[in-house]
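# fold the following for me, if possible:
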Amino acid sequence: MPNKCFPVPLLGVSLAFLPIPALAQSKAGTEGAGLDPIVVTATLGPETVGESLSSVTVIDQDTIRRQQPAEFRDLLRAQPGINVVSDGSYGKTTSVFLRGAGSSGTVLLLDGIRLRSATAGIPPWQFLPTDLIDRVELVRGAKSSLYGADAVGGVVQAFTLTPSEGQRGWVDVAGGSHDTRSTSAGLAATEDNTSVLLGGLYSDTDGTNLRKGGDDRGYRNAAGLAKVSHRFERGGGVGVTVLQSQGNTEFEGGDTDFMIRAAGLHLEAVASDYWRTRIQFSESRDEQETFGDYPSVYNTLSRSARWENTLTAGVHELVLGSEISQDEVDGSDQFAENSRTNTAVFGQGRLNFGATNVTGSLRMDDNEAYGRNETGGIALGHELDRSHRVRLSYATSFRAPTFNDLYLVTPYYSGNPDLRPEKGRMVEAGFSGRYQTWFWDVAVYQNEVRDLITYDDDRNIMDNVETARIQGVEWTSGYRTSQWDIQAALTYADAENRDNNKRLPRRARKTARLDVDRLFDRWSMGATLVAEGNRYNDEDNRKLLPGYGTMDLRGTWQFLPGWSGQLKVANVFDRRYAASLGYDSTAMENFRYLAAGRTFLASVRYDFGH
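Numbering: from 1, shown residues only. Got it, this is the predicted structure:
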């Protein structure tokens with residue numbers, strides 16, 4: 001087997017996209033908060049994007065409001081390092097491939113609470129209500145040493161709405177194509193150090209046809225959010241968060257009733273000037289009952305308790321912690337085991353030596369189903385001057401076999417209780433420039449994954465048989481002033497099965513995204529352009545899906561104090577593209593899952609209390 005090295009010309013191509021003045025320009029002033037926001041997912045503590053030794057993208061509330069995403073996946077499409085694959089539009093099965101890792105190799109957190117199906121191993125991306133999301137952090141790179149199993153490609157963390165000072169609530173009513181209707185409302189209050197927020201939404205759509213000549217397939221969703229928090233005078237605080245989303249989604253051959261819930265309680269206290277401690281108890285549920293050609297019931301319940309202790313010594317920081325979690329599954333299929341417990345201990349050190357920063361992390365997971373796994377990571381960053389920085393990192397990761405992989409037994413499928421977790425090793429180099437109103441960042445990485453879990457057709461059993469190598473380049477840039485907000489991203493990723501030299505399925509090698517917004521005193525207008533290259537839908541690389549490009553246009557008008565109206569035209573050129581294939585068992589042939597064509601959405605919102 002040839003030992004292919006990383007394609008060095010890719011680095012040159014990426015650097016060619018960098019604006020030439022960036023290599024010589026000095027910082028003209030203080031970086032704006034919008035260009036260098038605080039992130040908390042990349043490490044076990046707050047830091048700015050510029051300080052982070054990881055590749056990070058932040059999508060803030062202003063961006064979410066302006067872009068008016070119909071689904072959570074619309075925020076993620078073609079973001080650096082991300083491939084999104086859906087079986088059609090409006091609440092249909094969605095997979096996220098981050099840095100080429102499998103659909104089970106990306107961790108989804110909601111306010112620190114992990115959401116996923118323990119049977120299928122995939123987070124419920126399609127059921128997250130964007131109207132109740134405040135901001136999103138996309139952290140690229142192996143993070144198992146911080147978050148345990150499945151953080152092979154990275155971590156996506158969504159943060160729910162938080163009341164701002166003086167806010168009392170909102171009402172939002174929207175309608176558009178395919179008989180789409182949506183209403184959201186909420187109440188908020190802040191008094192001294194205590195804040196409360198209650199919000200909810202209801203949306204309903206007739207949907208579109210998922211295949212050529214097919215019927216429209218609808219989607220209905222009702223969701224609610226409740227948050228209460230209190231900050232202590234000496235620092236720290238206590239808070240409770242509960243989010244629930246439930247409804248029904250239709251697909252070819254049936255429909256599914258779903259319910260996801262995330263509930264968490266956290267307590268943080270300042271024990272001394274050098275010691276801060278935090279405890280979080282959480283529970284998440286993923287319940288789905290499917291009707292139609294293949295009826296089924298799959299219910300997942302996950303509970304966890306996590307304890308973190310942060311010790312500081314000047315500019316240096318040490319975090320020590322432990323975590324215990326339990327997964328329980330129930331459903332219409334038979335599982336040899338229906339629960340498993342995982343215990344973990346972890347630590348992280350962040351050292352600051354002026355222009356040079358070093359971060360190291362270690363974690364040990366012990367799972368009663370698949371054994372013990374140790375992961376670690378180390379990262380080094382160095383400031384060349386006030387504007388430019390280089391970073392290097394190495395990290396290991398693992399993906400846990402799901403309950404389906406280990407225990408599910410049907411006449412056509414057999415799990416394997418002897419499966420080993422997939423294990424990855426990722427190395428990354430990054431170079432960035434940050435200035436008063438704009439920034440750029442380029443990252444080059446390679447991830448080698450062994451013991452991929454796949455289905456052995458000859459023996460009808462799950463097995464560890466494959467190895468993979470994923471390598472790529474990501475370039476991002478942004479420009480933000482009081483009049484313009486521009487974000488751009490280019491990604492090239494080569495994900496290859498080293499056993500047969502085939503491309504890993506459902507990943508596009510090339511993606512690009514451009515978000516441009518022109519801001520005025522009382523109104524704004526903007527556009528989003530997304531382009532993705534071709535991809536194979538199968539491991540044998542016989543079923544090729546062509547690439548596509550789309551453009552969205554949008555506008556917002558604040559016509560009275562507290563009142564605003566929005567209009568969005570998505571997929572302006574009416575491209576009925578497909579990112580995945582389905583199978584028609586009656587006709588015994590594949591068909592393309594079509595995304596929605598051109599759609600319109602108009603809304604009116606009233607914010608009261610400011």
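
# residue contacts, the residue nearest to N338 when sequence neighbours are not counted?
The shortest distance from N338 to any non-neighbouring residue, by CB to CB, 6 or more residues apart in numbering, is to V329 (5.3 Å). Heads up, the C-betas are built off the backbone N, CA and C, glycines and all. V329 makes contact with A118, T119, Y298, N299, T300, L301, F335, N338, S339, F403 under the criterion CB atoms under 8 Å, 6 or more residues apart in numbering.

# which residues touch the helix or strand encompassing G360?
Assigned by DSSP states H and E, G360 belongs to strand 356-367. For strand 356-367, contacts defined as CB under 8 Å, 6+ apart pick out 43, 51, 53, 144-146, 148-149, 340-351, 372-383, 398, 400.

# out of the residues you listed, which are inside helices?
Among these, the residues falling in helices (DSSP state H) are S144, S145, L146.

# can you redo those residues as a markdown table with neighbour count, distance to D257 and pLDDT?
As requested, the ones in helices among the contacts of strand 356-367 are exported to a markdown table (neighbours: other CB atoms under 10 Å; distance: CB to CB, whole Å; pLDDT from 0 to 100):
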| residue | neighbour count | distance to D257 | pLDDT |
| --- | --- | --- | --- |
| S144 | 31 | 33 | 97 |
| S145 | 23 | 38 | 97 |
| L146 | 24 | 35 | 96 |
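
# just checking: what are the partner strands of the strand or helix carrying L187?
According to DSSP H and E, L187 maps onto strand 180-191. Within its sheet, and counting by DSSP bridges, strand 180-191 is paired with strand 169-176 (antiparallel), strand 194-209 (antiparallel).

# contacts for that strand next, please.
With CB under 8 Å, 6+ apart as the test, strand 180-191 has contacts from 70, 131-132, 161, 163-175, 195-206, 225, 599, 601, 603, 609.

# related to what we said a few turns ago, quick one: which of the contacts of V329 sit in helices?
F403.

# give me the lowest-pLDDT entry from the contacts of V329.
For those, the model is least confident at F335; its pLDDT is 85.

# next, count neighbours for the nearest residue to it once chain neighbours are set aside.
Leaving aside its sequence neighbours, F335 sits nearest to Y407 (CB to CB, 6+ apart; 4.2 Å). Y407: 22 surrounding residues under other CB atoms under 10 Å.

# any weak-confidence spans in the stretch 351-500 of the chain?
Along the stretch 351-500 of the chain, the model assigns pLDDT under 70 to residues 457.

# ranges for the strands of it?
According to DSSP state E, counting those that start in this stretch, the stretch 351-500 of the chain carries its strands in the segments 356-367, 371-383, 388-399, 408-410, 413-414, 422-434, 438-456, 461-480, 484-497.

# just want the angle from the longest one to strand 422-434.
Between strand 461-480 and strand 422-434, the angle comes out at 10 degrees (axes from the mean of the first three to the mean of the last three CA atoms, to 10 degrees).

# same for strand 461-480, what does it pack against?
helix 9-16, strand 438-456, strand 484-497 (3 or more CB pairs under 8 Å, 6 or more residues apart in numbering; DSSP states H and E).

# the longest one: how far from the chain's middle?
Taking CA atoms, centre = their mean, to the nearest Å, the mean C-alpha location of strand 438-456 is offset from the chain mean by 15 Å.

# list the buried residues for it?
438-447, 449, 451-454 (16 or more other CB atoms under 10 Å).

# out of those residues, which comes closest to F520?
W438 (20.2 Å; CB to CB).

# is the closest one bridged to anything, and to what?
Counting by DSSP bridges, the residues bridging with W438 are Y479.

# now do L243
L225, A262.

# surely it touches R261?
Yes: contact between L243 and R261 holds when scored by CB atoms under 8 Å: they sit 7.0 Å apart.

# related to what we said a few turns ago, okay if I get the ones in helices among the contacts of strand 356-367 as TSV plus distance to D111?
Below are the ones in helices among the contacts of strand 356-367 laid out as TSV (distance: CB to CB, whole Å):
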residue	distance to D111
S144	21
S145	21
L146	16
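
# picking that back up, could you export the strand holding L187 as CSV, CA atoms only?
Presented in CSV, the C-alpha positions along strand 180-191 are these (Å, rounded to 0.1, in the frame of the first residue of the first chain):
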residue,chain,number,x,y,z
THR,A,180,-44.9,26.9,6.8
ARG,A,181,-46.1,28.5,10.0
SER,A,182,-44.1,29.3,13.1
THR,A,183,-44.7,31.2,16.4
SER,A,184,-42.2,31.7,19.2
ALA,A,185,-42.6,33.7,22.4
GLY,A,186,-40.9,34.1,25.7
LEU,A,187,-40.7,36.0,29.0
ALA,A,188,-37.5,37.0,30.8
ALA,A,189,-36.6,38.8,34.0
THR,A,190,-33.4,39.8,35.7
GLU,A,191,-33.3,41.1,39.3
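
# residues in contact with the residue nearest the centre of the chain?
Closest to where the C-alpha atoms of the chain average out (CA atoms, centre = their mean) is V156, at 3.1 Å. If a contact means CB under 8 Å, 6+ apart, then V156 has L76, V96, L98, T106, V107, L108, L109, V136, E137, L138, V139 as its contacts.
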